[in-house]
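Enquirer: how would this look folded up:
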Amino acid sequence: MVLWWIGNVILLVVVLPVVIYLLNRVLAALERVRGATDAILSGGVALIGELNGVPEALATTDETVKEVANGAVRYAGSVAKLLG
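Expert: Modelled structure (predicted):
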């Protein structure tokens, strides 16, 4: 029975403070992660307002790419005639 009391005292004096210390470190890291995720969320919400003009910009880009492609095909045809 005395060994049980010694084991309980060792548990309370040594193991329990270590477990509490490690738990405190994990909870501190959790709070840092929570703060970072809150910052990411607020940045994402702010970014949503900036994306309203994207479909129109993509349509303009598609038109520009088609025009450049037509010009490149004509240029390549002329170069092929000159070299060929």
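Enquirer: the residue nearest the centre of the chain: what's it in contact with?
Expert: Centroid check for the chain by C-alpha atoms, centre = their mean gives residue 40 as the closest residue, at 8.3 Å. Not one residue lies near residue 40 by C-beta atoms under 8 Å, 6 or more residues apart in numbering. The way it works is simple: take the backbone N, C-alpha and C, and place the C-beta from them, glycine included.
Enquirer: per-residue confidence at it?
Expert: What the model reports for residue 40 is a pLDDT of 95.
Enquirer: also residue 20?
Expert: Residue 20 carries a pLDDT value of 94.
Enquirer: now do the strands in this structure.
Expert: Assigned by DSSP state E, the strands in the chain number zero.
Enquirer: break it into its domains for me.
Expert: Here the domain parsing of the chain from automatic domain parsing is 1-51, 53-84.
Enquirer: can you tell me which of those domains has the worst average pLDDT?
Expert: domain 53-84 - the lowest mean pLDDT of those, at a mean of 88.
Enquirer: now do the buried residues in the longest helix belonging to the chain.
Expert: The helix that spans the most residues within the chain, counting by DSSP state H, is helix 16-48. Neighbour counts using 16 or more other C-beta atoms under 10 Å place no residue of helix 16-48 among the buried ones.
Enquirer: run a quick neighbour tally on residue 7.
Expert: Neighbours of residue 7 under the rule other C-beta atoms under 10 Å: 10.
Enquirer: do you know how far it is from residue 13?
Expert: Residue 7 is 11 Å from residue 13, where distance means C-beta to C-beta, to the nearest Å.
Enquirer: can you check residue 26 too?
Expert: As defined by C-beta to C-beta, residue 26 lies at a distance of 22 Å from residue 13.
Enquirer: please apply the same query to residue 4.
Expert: Going from residue 4 to residue 13 by C-beta to C-beta gives 15 Å.
Enquirer: got it, and residue 39?
Expert: 41 Å.
Enquirer: with residue 31 instead?
Expert: 28 Å.
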